[in-house]
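Q: Structure for this input, please:
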Amino acid sequence: RSLKPVKAEILASLRLAVVVAGVSVLLMMWLFRWFIRKHVINRVVYLESLARRVASNELVVDIQLGGNDELASLAHSVSNMRAALKASIDQIGNHHNYLRNLIENMIDGILFIDDTGRVASANRSVSDILGADPLLFRSGVPLDFSVPPLDRLTRIDAMIATAREAEEPVKEVLTLRAQGQEDKHMEIHAGKLVLPPWLRPEVIVVIRDVTTRITAENQVYQSERLATVGRLAAGIAHEINNPMASILTCAEGLLRIQGAGDEGRREYLHVIKNSAQRCRMITQKLLDYSAASAPTMEPVDMDQVLQESVSLLQFEAGKKKLELVVSESGRIPLIHGSKDSLVQVLVNLILNSIQAVDAGGKIQVAAEANDSSVVVSVTDDGPGISVTSLPRIFEPFYTTKPVGMGTGLGLSVSQGIVKHHGGIIEVVES
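A: This next block holds a predicted model:
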């Protein structure tokens, strides 16, 4: 029998096996590709699209990816991240709204200025306190100090410029004067905000209406002045009595020498004139000191302040035979302040010394320039202040004097005035 048919049959079977195997491989590859696409690639693409949506701030998305494999675990992590991110953004939004409402409803005016001089934001109290149109403080509007009432507050513009360069905030009390209206006093704070480098630098300006406080302080200052006037009244009356006696004597003398020559009359008239001028000077100083007036900040000569303060109290010191002197201090530069207020401080300090020093003692008043400031001292040879009283001497109504000798407000008021001038007041025991 021939083997050719068998051989052909085997070859045919091999061909069929190869074809079947090839088809099977292709089918398996297609199935594998389908499996990979369905269970890996599609899920990865789905996760990628979700990540893009989350990155574009679309946080309200429902992540659905079944299974227990690594991709499902990754999807679960992305879902947790999305939920945490949404919670954090919601929390930040709530804090933002809270702070925005807090700033908007503050009594103080809050104004933010960007580095171009434009308003970044402002609360409604800014326009209320300044009495200005709220449109002047809209976001993006240049802060224009040529428009009323800002034209009377150009000092704020200078404070903003200073705050941009300064490390510490700057502070001033400004007065807004409007015709036919009461003065409005405002405490202005301006400081540079510390922001991340990708944000534009800003200056925050806080405007506080302190009219009520300033008015109350002025009333307290005035009460203390009047109390001091009361303590000085007896001495002033006695001091006026001497020149008045001279005037009376000269007037009587003129009546007696009606027949005398012009020379005699001229001498008596000269004495009358000098005595009358002395009376007027004494009473005018007392009236000036007791007058109720709002402090006016202007250039002040401290030598003049010292001389005027001492002249008011010379008679009071003389009653105890005290030596009250002003030391020669050389050239003292003018300072920016209120002359009347500074006189009040020195009168309080000198009067305390007069009451504390024993008869025959000495009180020395001096001023000297020290770098960028002026140091004023009132030195006496009295017994000093006790250790127990020293920490309390600037407390309102605290006094170690007998009843009727003081209100306990002198040093407290003096400290307030000095602080308002940007200075300090302290006790130095020798």
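Q: Met302 is in contact with Val375, isn't it?
A: No: Met302 is beyond contact range of Val375, at 9.9 Å (criterion: C-beta atoms under 8 Å). Backbone N, C-alpha and C define where each C-beta goes, glycine included.
Q: neighbour count winner among the two?
A: Higher neighbour count among Met302 and Val375: Met302, with 22 against 14, using other C-beta atoms under 10 Å.
Q: Could I get the contacting residues of the more buried one?
A: Counting by C-beta atoms under 8 Å, 6 or more residues apart in numbering, Met302 touches Ile332, Leu334, Ile335, Leu342, Ala367, Val374, Val376.
Q: Closest to Arg43 out of these?
A: Distance to Arg43 across these (C-beta to C-beta) is lowest for Ile335, with 79.0 Å.
Q: you'd agree that closest one is up against Val300?
A: Yes: using C-beta under 8 Å, Ile335 is in contact with Val300, at 5.4 Å.
Q: so what's in contact with Met302 and Val375 at the same time?
A: Residues touching both Met302 and Val375 (C-beta under 8 Å, 6+ apart): Ala367.
Q: mind checking the SS state of Val413?
A: Following DSSP: H, G, I helix; E, B strand; the rest coil, Val413 is assigned to helix.
Q: All the strands of this structure, residue numbers only.
A: Ranges of strands in the chain, per DSSP state E, are 109-114, 119-122, 170-176, 184-192, 202-209, 298-300, 323-326, 335-337, 362-370, 373-380.
Q: just checking, what packs against the fifth one?
A: So that's strand 202-209. In terms of contacts (3 or more C-beta pairs under 8 Å, 6 or more residues apart in numbering; DSSP states H and E), strand 202-209 is packed against strand 109-114, helix 124-130, helix 154-165, strand 184-192.
Q: Among the ones you listed, which comes closest to Ser412?
A: Of all the helices and strands packed on strand 202-209, it is strand 184-192 that lies closest to Ser412, at 19.8 Å by C-beta to C-beta.
Q: contact partners of the closest one?
A: 129-131, 155-156, 159-160, 162-164, 166, 168-176, 178, 201-211, 213-215.
Q: That strand: which residues count as buried?
A: The neighbour-count check on strand 184-192 (16 or more other C-beta atoms under 10 Å) flags Lys184, His185, Met186, Glu187, Ile188, His189, Ala190, Gly191, Lys192 as buried.
Q: And those, which is closest to Trp34?
A: Closest to Trp34 out of those is Lys192 (64.0 Å), distances taken as C-beta to C-beta.
Q: how much space between that closest one and Phe112?
A: From Lys192 across to Phe112, the span is 11 Å (C-beta to C-beta, to the nearest Å).
Q: Check Ser377 too.
A: Counting by C-beta to C-beta, the gap from Ser377 to Phe112 is 44 Å.
Q: With Asp371 instead?
A: Distance of Asp371 to Phe112, given as C-beta to C-beta: 35 Å.
Q: okay, Val365: pLDDT?
A: Val365 carries a pLDDT value of 93.
Q: Kindly report the same for the one 4 residues further on.
A: Note on Ala369: pLDDT of 86.
Q: That one contacts Ile335, doesn't it?
A: No: using C-beta under 8 Å, Ala369 is not in contact with Ile335, being 9.8 Å away.
Q: Looking at Asp371 and Phe112, which one has more neighbours?
A: Between Asp371 and Phe112, Phe112 has the larger neighbour count (other C-beta under 10 Å), namely 18 against 6.
Q: Who does that one form a beta bridge with?
A: Note on Phe112: beta-bridge partners by DSSP bridges are Ser121, Ile204.
Q: separation between it and Gly191?
A: As judged by C-beta to C-beta, Phe112 and Gly191 stand 11 Å apart.
Q: on that earlier part again, and the buried residues of strand 184-192, which is closest to Phe315?
A: Minimum separation from Phe315 among these (C-beta to C-beta) is found for His185, which lies at 36.3 Å.
Q: Bridged to the closest one, which residues?
A: For His185, the beta-bridge partners are Thr175 (DSSP bridges).
Q: Could you do Pro142 as well?
A: Bridge pairing for Pro142 (DSSP bridges) gives the partners Arg118.
Q: how about the helices of the protein, start to end?
A: Under the criterion DSSP state H, the chain carries helices at the ranges 4-36, 42-55, 70-104, 124-130, 154-165, 211-256, 262-290, 302-318, 339-356, 410-420.
Q: For Leu176, which non-adjacent residue is closest in space?
A: Lys184 (4.4 Å; C-beta to C-beta, 6 or more residues apart in numbering).
Q: where's that neighbour relative to Asn348, distance?
A: Plainly put, Lys184 is 29 Å away from Asn348 if you go by C-beta to C-beta.
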